[in-house]
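Trainee: show me the folded form of this:
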Amino acid sequence: HLTGRELESAEFLARAHQGFLANGKTRLAARTACWLSFTSVLKGELAQASGWLSRARRLLEREGDCVEQGYAMLPAGIRAVREGDVMAAYDAFVEAARIGTRFDDKDLATMGLQGQGRVLIRRGETVRGVSLLDEAMVAVKAGEVSAINAAGIYCSVIEACGEIFDLRRAQEWTTALEQWCATQPDLVPYRGHCLIHRAELLQLQGNWLSAL
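Mentor: Down below sits the predicted model:
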């Protein structure tokens, strides 16, 4: 995924899911289903996202209290945002962060925080929202979050800065992103919305050639 081969990434995830199912590893099968739902909803493939999330939840019905229950909240939160239900989205991200903290899963806890921050900004609670986004970014900068999630959180926070026209913060976190990308030699950075916001910042700096 991070090297730009998103279709192959999805295929490998689907194969892993089937392998976990075949070997009775229900929680790992549910986790891969959550990730497939998460990536599908980000690509706008809402029917596939719904199907994978439904499968993950069904697999977790008999698993009781586990960290995978928190991962299932992430695509649910994003879907609620897309549907305009910010209250449901906020509740989903709060629960994800709570579960992540309880199970000491830094990835889940940090993604839950950044989700809360994005939703609070859309609810007009900008100060609280930005504070949570900065907290999430501190965890990323400290190396507490895996590379796959660090990249997504960086781009999400920069997009949020664009929503509230916070150019200073956008530039600061973009610089941090550039430094992080430099440590990932095979990474293909700045795709989709992240690429658009990168070009916008370059324009604002007068760097027209790089923006083009």
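Trainee: need the contact list for the closest residue to Leu36 other than its chain neighbours.
Mentor: Distance criterion C-beta to C-beta, 6 or more residues apart in numbering; nearest residue to Leu36, sequence neighbours excluded, is Trp52 at 4.3 Å. Glycine gets a C-beta too; all of them are placed from N, C-alpha and C. Neighbouring residues of Trp52 by C-beta atoms under 8 Å, 6 or more residues apart in numbering: 33-34, 36-37, 40, 75.
Trainee: residue closest to the middle of the protein?
Mentor: Gly152 (4.9 Å; C-alpha atoms, centre = their mean).
Trainee: the helix or strand harbouring that residue - contacts with which helices or strands?
Mentor: Gly152 is part of helix 147-163 when elements are defined by DSSP states H and E. Secondary-structure packing of helix 147-163 (3 or more C-beta pairs under 8 Å, 6 or more residues apart in numbering; DSSP states H and E): helix 106-122, helix 126-141, helix 167-182, helix 193-204.
Trainee: mind listing what's buried in the second one?
Mentor: In this case it means helix 126-141. 126, 129-130, 132-134, 136-137, 139-140 (16 or more other C-beta atoms under 10 Å).
Trainee: okay if I get the contacts of Trp52 as JSON lines plus pLDDT, neighbour count and distance to Val157?
Mentor: Listed next are those as JSON lines, based on pLDDT from 0 to 100; neighbours: other C-beta atoms under 10 Å; distance: C-beta to C-beta, whole Å:
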{"residue": "Ala33", "pLDDT": "95", "neighbour count": "29", "distance to Val157": "26"}
{"residue": "Cys34", "pLDDT": "92", "neighbour count": "27", "distance to Val157": "22"}
{"residue": "Leu36", "pLDDT": "93", "neighbour count": "25", "distance to Val157": "24"}
{"residue": "Ser37", "pLDDT": "89", "neighbour count": "28", "distance to Val157": "22"}
{"residue": "Ser40", "pLDDT": "88", "neighbour count": "22", "distance to Val157": "22"}
{"residue": "Pro75", "pLDDT": "87", "neighbour count": "25", "distance to Val157": "19"}
